[in-house]
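In: Just need the structure, nothing else, for what follows:
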Amino acid sequence: MADMQIFEVSETDLEENLTLEAMAEILGARPGLILHLARLGVIEPVEIREQMPIFQRRTIVRIRRMQRLRRDLGVNFTGAAIILDLTERLIALEHLRAAGFEH
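Out: Got it, this is the predicted structure:
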């Protein structure tokens, strides 16, 4: 069985800005796919430099989660983005409830 490496990632690391090319290389994806996801609105660049989008590293996590949902559940990228958004909202509500902010 292959050894699995676990890396600690800080919030600061997730906010690091990456070019489209760097994102594509890290994901092993075509830049066109990342641009397509941005056009769909399921990921958002943090800025545009010289007509090229710049993304936060956390976008890699989001795309990988969407890829897993596509693979495991057969949903499209838009459906996967909705699932992730709703999951994030549920987690935020659970944190509020746990902190005593119930209605």
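In: Okay, buried residues for the longest helix along the chain please.
Out: Secondary structure assigned by DSSP state H gives helix 77-98 as the longest helix of the chain. Residues of helix 77-98 classed as buried by neighbour count (16 or more other C-beta atoms under 10 Å): Phe77, Ala80, Ala81, Leu84. All C-beta atoms are positioned from the backbone trio N, CA, C, and that covers glycine.
In: Contact partners for Leu27?
Out: Ile34, Ile60, Ile63, Arg64 (C-beta atoms under 8 Å, 6 or more residues apart in numbering).
In: now the residues you listed: which count as buried?
Out: By 16+ other C-beta under 10 Å, the contacts of Leu27 give Ile34, Ile60, Ile63 as buried.
In: mind putting the residues you listed in CSV, pLDDT, distance to Ile91 and secondary structure included?
Out: Putting the buried ones among the contacts of Leu27 into CSV (pLDDT from 0 to 100; distance: C-beta to C-beta, whole Å; DSSP: H, G, I helix; E, B strand; the rest coil) gives the following:
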residue, pLDDT, distance to Ile91, secondary structure
Ile34, 96, 25, helix
Ile60, 94, 19, helix
Ile63, 96, 19, helix
